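In: any chance you could fold what I've pasted below:
(one chain, ligands or ions: 1)
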Amino acid sequence: MALFDNWRRKALLALLVIAVFASTWGYWFVTTREAREFSRVTYAEHCAGCHGDKLQGTARGSNLMAESLKYGDDTASLVRNIDGGLAAHETLNLPLDIPENTVKALALFISERRQQYPTIPDSYEHYFSGRRVDSRYHRFRVELFSELASRPYSIAPLPDGRILVSEKVRGLSIVAPDGSQGDLIDGAPTAYAELLDLRGSYVGWGHLLEVALHPDYAVNGWIYLSYGDRCQLDCASPVPQSMVKVVRGRIRDGRWVDEQVIWSVHEDYYTVVPDAVAGGRLGFDRDGHLYITVGGKAAYKHLHDMNTPYGKIHRVRDDGTVPADNPFWEPADRRAASSTRHTVWSYGHRTTQGLEGHPVSGAIWSSEMGPRGGDEINRIIGGENYGWPLYTNGLDYDSTEIDIGEDLGLDFPIEDTQLPVVDFTPAPALSNLTFHRGDRFPAWQDDMLVGSLKALSVYRLRFDDNGAPVEQETLVTGLGRVRDIEMGADGLVYIALEHGETGSIVRLVPTE
Ligand code: HEC
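Out: Next comes the predicted model:
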């Protein structure tokens, strides 16, 4: 007995030591990850001596934080100037034992510092305060419209001036024209509370995602909702699993009624990857087709398998039936019961966080988050490959080249992929987008407005008739994490912001 006790005590002690060691290491790993990051260390060793530890410049090297850089501040110019392009760098001798993309990582490091994006936890701060902005074509003020009980994912302005709001972990509600938020709509899909908060990276399964109106909402009253549908017992899983599901319904007397399932997938495709990368954005074209984004959900090895839903944009009719002119369509008897190939419209997407049909041409546009750098604005064409995870303009977070695609054995030439129409490097973490309509900001007619989580900004982009970018402006910055942006019935621009536990809606009001 004594022997056994002794053994047990030792085993317990050993477990305790291992637990203490593992958690100390884990803590060290997480808290010092940024400080150990490769480009930062390389900068400190090889550049700070001349350019200063805060990039502020010294007698031996120029100020890299200056408003404009002499030789250009885009990634390509930075790469050229760091690596051999400048006489001042002739003596520069970067060590050979560093990853191939050292120079690109250094360029990203400089441009990230120049942008001064806040850290993720800081980006949740309540930044907004009433403000006047003098943009290229219009003067406007940013005005608080509504304080929300929790973080929103999506807003949908109704024709009568009210705004539907989906909050990830709370549910669906309506904000009145005076900005007051009503009770949750009974009977709408369940939104589950978050399970974990990792320094602002909220981890959960079962978020309410997008709310969108049918193009003929005024006539038929259909409201579309996407959400992370949970599966635990049915999936025989010890932890929750989830997957994007789309339903439509109507709101009558404050209740969600007439619900119909529009798009859902087989249980086999539910995953434990959290809903932060689920996508679930919705958009309509002019023929009434509904487009649905589904994130890679880290299931990267399945992204190029048309039978799986991951990393795709799907297309169905407004009632959920599937048009046979979808590019990978097969009749039900020729595909596996679980296959989603009949609804696939485009593939090779990482995390499509924004989607909208152009109000005039009907063309589908999307925004996509890249890794470290390489956020994209894409024009979505049926049957096309958007390249991830083989091609991206970004790097991995640890400064190395993204090699997921090669490791998975993916092999297709970049000429066979659709390149982004606009690349955002460094990555502002692009979120949803819309097109400006109405007469309150006439000089922005049909321009794309796109939000960002990390850069706290809204950008305005203009494209010519062929879809080529002709103009880009940071319309407003310092707002907070922009999750959604929509045109209101009153012609004002409504922007949904996420703060720590709460949220808000602000609007842009012209002041001319
Ligand atoms: C020996 C000192 C020295 C070191 C070390 C050095 N630089 Fe420079 N760097 C300079 C000087 C001087 C200039 C300005 C050259 C000019 O104006 O023609 C410059 C210019 C630049 C520019 C262009 C700035 C502009 O205004 O367009 C970049 C970018 C840059 N350095 C990055 C780096 C990086 C990254 C490192 C480390 C890998 C580095 N430099 C190391 C001295 C140095």
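
In: tell me which element Phe21 is part of?
Out: According to DSSP states H and E, Phe21 maps onto helix 2-36.

In: does the helix or strand just after that helix reach the ligand?
Out: Sequence-wise, the next helix or strand downstream of helix 2-36 (DSSP H and E) is helix 38-46. Yes: judged by C-beta under 6 Å from any ligand atom, helix 38-46 comes into contact with the ligand through His46. No exception for glycine: its C-beta is placed from N, CA and C like everyone else's.

In: would you mind identifying the next helix or strand past helix 38-46?
Out: Helix 38-46 is succeeded, C-terminally, by helix 48-51 (DSSP H and E).

In: so what's the gap between that next one and the chain middle?
Out: 35 Å (C-alpha atoms, centre = their mean, to the nearest Å).

In: go on, stretch 159-176?
Out: Put simply, stretch 159-176 sits 21 Å off its chain's centre (C-alpha atoms, centre = their mean).

In: that one: end-to-end distance?
Out: By C-alpha to C-alpha, to the nearest Å, the extent of stretch 159-176 from end to end equals 12 Å.

In: and the helix holding Phe21, which residues are buried?
Out: When neighbours are counted by 16 or more other C-beta atoms under 10 Å, no buried residue of helix 2-36 is found.

In: how about stretch 329-340?
Out: Residues of stretch 329-340 classed as buried: 329, 335, 339-340 (neighbour count, 16+ other C-beta under 10 Å).

In: quick one: mean pLDDT over the helix holding Phe21.
Out: The predicted model assigns helix 2-36 a mean pLDDT of 79.

In: secondary structure class for whichever residue of the stretch 301-450 of the chain sits closest to the ligand?
Out: Residue nearest to the ligand within the stretch 301-450 of the chain: Ser399 (13.0 Å; C-beta to the nearest ligand atom). Secondary structure state of Ser399, per DSSP: H, G, I helix; E, B strand; the rest coil, is coil.

In: enumerate the residues of this protein near the ligand.
Out: Counting by C-beta under 6 Å from any ligand atom, the positions of the chain adjacent to the ligand are 46-47, 49-51, 60-62, 64, 69-71, 78, 81-82, 86, 88-89, 91-92, 106, 110.

In: what is the mean pLDDT for stretch 310-323?
Out: 97.

In: figure out how far it is from the centre of its chain.
Out: 21 Å.

In: alpha carbons of it, in CSV - could you do that?
Out: In CSV, the C-alpha atoms belonging to stretch 310-323 read as follows (Å, rounded to 0.1, in the frame of the first residue of the first chain):
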residue,chain,number,x,y,z
TYR,A,310,-14.9,24.7,-48.2
GLY,A,311,-13.1,27.7,-49.7
LYS,A,312,-15.9,28.1,-52.3
ILE,A,313,-18.5,30.6,-53.3
HIS,A,314,-21.8,28.7,-53.9
ARG,A,315,-24.7,29.7,-56.1
VAL,A,316,-28.3,28.7,-55.8
ARG,A,317,-31.7,30.3,-56.8
ASP,A,318,-33.4,32.5,-54.3
ASP,A,319,-35.6,29.5,-53.3
GLY,A,320,-32.6,27.2,-52.8
THR,A,321,-33.0,25.1,-55.9
VAL,A,322,-29.8,24.7,-57.9
PRO,A,323,-29.4,26.0,-61.5
